[in-house]
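Visitor: Structure for the following, please:
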Amino acid sequence: GNMGDSKRRKEQGQPESKRIVSWLPLTTTQSSEFVRVSTQGAWIGIGLLVFAWLMVRGIGPSLGWWKIVG
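Guide: I've put the predicted structure just below:
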């Protein structure tokens, strides 16, 4: 019957239905992994930006490495 059909389809695991964008060979797990990595990368980037800003605005002048003009 109908139930057996859907069960068999699930076991074969059609990759097409799992793809988010049909022309991209990305599965849902790959995309969530990509999101996780890119989010992590974004946070690292933000951290570096904040660190660089603190370096320029705070640490450098306080050590007399350079003066802030303006």
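
Visitor: okay, residue 12: pLDDT?
Guide: pLDDT for residue 12: 57.

Visitor: again, but for residue 63
Guide: Residue 63 is assigned a pLDDT of 82 by the prediction.

Visitor: and if you look at residue 55?
Guide: Looking at residue 55, its pLDDT is 86.

Visitor: With residue 40 instead?
Guide: Residue 40 is given a pLDDT of 93.

Visitor: which residues of this protein score low on pLDDT?
Guide: Scanning the chain for pLDDT under 70 picks out 1-24, 70.

Visitor: which stretches of it form helices?
Guide: 2-12, 15-18, 28-54, 60-62 (DSSP state H).

Visitor: Provide the count of other residues in contact range of residue 34.
Guide: 11 (other CB atoms under 10 Å). Just so you know, the C-beta spots here come from the backbone N, C-alpha and C atoms, and that holds for glycine as well.

Visitor: ah, wrong one, I meant residue 50
Guide: 10.

Visitor: Show the contacting residues for it.
Guide: Counting by CB atoms under 8 Å, 6 or more residues apart in numbering, residue 50 makes contact with nothing.

Visitor: measure it to residue 35 for me?
Guide: Per CB to CB, to the nearest Å, residue 50 is found 22 Å from residue 35.

Visitor: what's the neighbour count on the closest residue to residue 65 other than its chain neighbours?
Guide: Leaving aside its chain neighbours, residue 65 sits nearest to residue 59 (7.9 Å; criterion: CB to CB, 6 or more residues apart in numbering). The tally of other residues near residue 59 (other CB under 10 Å) stands at 11.

Visitor: quick one: residue 59 and residue 41, what's the gap?
Guide: Counting by CB to CB - residue 59 and residue 41 are separated by 25 Å.

Visitor: Thanks again, I'm all set now.
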